[in-house]
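# predicted model and sequence follow; I will ask about them next.
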Amino acid sequence: MSTLRLTCLGVVLGGLAVTAQAQPGLGAPPVAPIAPAPPVASPPPVASPPPPVGQPASVDPGAAPYQEGYARLVAGDFAGARAKLSLAAATATDPELRGAARELARLADAYLAKQGRLLFGAAATAADAGEDPADGRASFVVTTTLASIYAGVVMIDVTDSQVRGGAAILLASTGAGLVGSLLGTRDRHISGGVAEGYSTGMLIGGANGILLASPAGAQSSEAFQGAVLSGLVLGGVGGMVYADRVQPTRGQMTFVGTLATLGFATAGLGMLTVEPDVEADTVLVTMALALDAGAVAGLVLGKDLTWSSGRARLVWLGALVGGLGGFGSAVLLGGNNSDSRGAAGLTLAGTWGGFALATYLTRGMRPDRRYLGGAPSTMVTAIAVPDGAGLGLAGSF
């Protein structure tokens, strides 16, 4: 999400038309050049050329909207700046003022279209750093440590350990996961997309282990726990390998998890709505297949998705809240006599409705910085203008 910035906003066109006005009855005195204004200060006043001797000075009608538009531009209000500067360009009588207002309006419009920000000083330097190189590594370490905690629980169950032995196993597995992931990723760059692919794959793999353990014949808790742990490992490795090869964004991998969740919910709630008397193993296998189909659909449809991580997570949350809203509505309407089919149907409709509504409501969010495009190419140069001096801003915006 490359942040647009203008580290030296001496867009000033300072002294563009800055003049000294003659006193009535006297000749116009010579005018010394005016220094440009500081980057974040108000622009220098823009006045009309000196009137003929003996006549009162007139203020250019475009000067006031120009001043206000400039102030809004510096403050980051690009929409307001564009409106005021466009008004100044339309009403100004001074051709230099018209040109300055028109170009600044174009600049404000370009930053508004790219959802940019104006950053100054240290903030601009920090924003140019791109993705935090430690972000992906931290996520990887957290996910691995959590998985190692569950691995310790599985080992306790398998070994039938008592309290002290179980505590030792849990501490050992957690420490191994934490220290191993820290040392294994030292001096390595793990992007946010790879870390998200790792955690998303682990969740999908674990869900498959839960759903398929019973149909695969798991009878004991050890077999069930082993199936879930195997799914976590296989899913995590598969997700990490895929993400390392493709290098998706966090938003794209979160979208994969969202569609996998929707596939899982659609299969389970759909069968409950249409035919609730289905054999349990058939339901579990169908839900697992729908989960995986949703994940594959997310990989295909989200390959070029420009969503940021924040937008993708809000859309997932919208689907979850929508499903909860549908279920709650069914209970409120039916009370103790709620029909299971009707409740399942409303929950499913709420899930997809929440997904669609959240997608629509978040359409104005900034895309992932990978899709923001490059920052404007600009160059600030000194220029000479009649009766003054200032700075000119050139480049593509």
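Good, I have the coordinates.
# any buried residues in stretch 264-280, and which?
264, 265, 266, 267, 268, 269, 270, 271, 272, 273 (16 or more other CB atoms under 10 Å). For every residue, glycine as well, the C-beta is placed using N, CA and C.
# please enumerate the helices of the stretch 51-200 of the chain.
63-75, 78-91, 95-113, 122-127, 133-159, 163-184, 192-213 (DSSP state H, counting those that start in this stretch).
# quick one: the second one to chain centroid distance?
Going by CA atoms, centre = their mean, to the nearest Å, the spacing between the C-alpha centre of helix 78-91 and its chain's C-alpha centre is 29 Å.
# the fifth one too?
In terms of CA atoms, centre = their mean, the centre of helix 133-159 is set 27 Å apart from its chain centre.
# low-confidence stretches in the stretch 1-150 of the chain?
1-57, 115-134 (pLDDT under 70).
# skipping adjacent residues, who's closest to the residue most central in space within the chain in space?
Taking CA atoms, centre = their mean, the centroid of the chain lies closest to residue 308, which sits 3.1 Å from it. In space, and not counting its chain neighbours, residue 308 is closest to residue 368: 4.8 Å by CB to CB, 6 or more residues apart in numbering.
# residues near residue 91, how many?
Using other CB atoms under 10 Å, residue 91 has 17 other residues around it.
# wait, doesn't it sit right on residue 65?
Yes - assessed by CB atoms under 8 Å, residue 91 is found in contact with residue 65 at 7.0 Å.
# hang on, the earlier thing: please read off the pLDDT at the residue nearest to the centre of the chain from the model.
Listed pLDDT for residue 308 reads 92.
# these two touch, right, it and residue 370?
No - Residue 308 lies out of contact with residue 370 (CB under 8 Å); the separation is 9.6 Å.
# can you pull the phi and psi angles for the residue nearest to residue 308?
Per-residue torsions, residue 368: phi -60, psi 140 (degrees, to the nearest 10).
# start at 180 instead
Understood, numbering begins at 180; the last thing we discussed is residue 547.
# can you count the residues close to it?
Residue 547: 24 neighbours (other CB under 10 Å).
# deepest-packed of the helices of the stretch 230-379 of the chain, please.
helix 371-392 (a mean of 24; mean count of other CB atoms under 10 Å).
# which element follows it toward the C-terminus?
Going down the chain from helix 371-392, the next helix or strand is helix 400-425, by DSSP states H and E.
# could I get the buried residue list for that next one?
For helix 400-425, by 16+ other CB under 10 Å, it's 403-415, 417-419, 421-422.
# who does the next helix or strand after it touch, helix- and strand-wise?
Downstream of helix 400-425, the next assigned helix or strand under DSSP H and E is helix 429-453. In terms of contacts (3 or more CB pairs under 8 Å, 6 or more residues apart in numbering; DSSP states H and E), helix 429-453 is packed against helix 371-392, helix 459-480, helix 488-513, helix 519-540.
# ok, which of those comes nearest residue 427?
Residue 427 lies closest, by CB to CB, to one member of those: helix 371-392, at 4.4 Å.
# dump the closest one to CSV, restricted to CA.
Output of helix 371-392 as CSV, limited to C-alpha atoms (Å, rounded to 0.1, in the frame of the first residue of the first chain):
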residue,chain,number,x,y,z
GLY,A,371,2.7,-11.1,5.3
GLY,A,372,1.1,-13.1,2.5
VAL,A,373,3.2,-16.1,3.2
ALA,A,374,2.4,-15.9,6.9
GLU,A,375,-1.3,-15.6,6.1
GLY,A,376,-1.1,-18.5,3.7
TYR,A,377,0.5,-20.6,6.5
SER,A,378,-2.1,-19.8,9.1
THR,A,379,-5.0,-20.1,6.6
GLY,A,380,-3.8,-23.5,5.4
MET,A,381,-3.3,-24.7,8.9
LEU,A,382,-6.9,-23.7,9.8
ILE,A,383,-8.4,-25.4,6.7
GLY,A,384,-6.3,-28.5,7.3
GLY,A,385,-7.3,-28.7,10.9
ALA,A,386,-11.0,-28.3,9.9
ASN,A,387,-10.6,-31.2,7.5
GLY,A,388,-9.1,-33.3,10.2
ILE,A,389,-12.0,-32.6,12.5
LEU,A,390,-14.6,-33.3,9.8
LEU,A,391,-13.0,-36.4,8.3
ALA,A,392,-11.8,-38.1,11.5
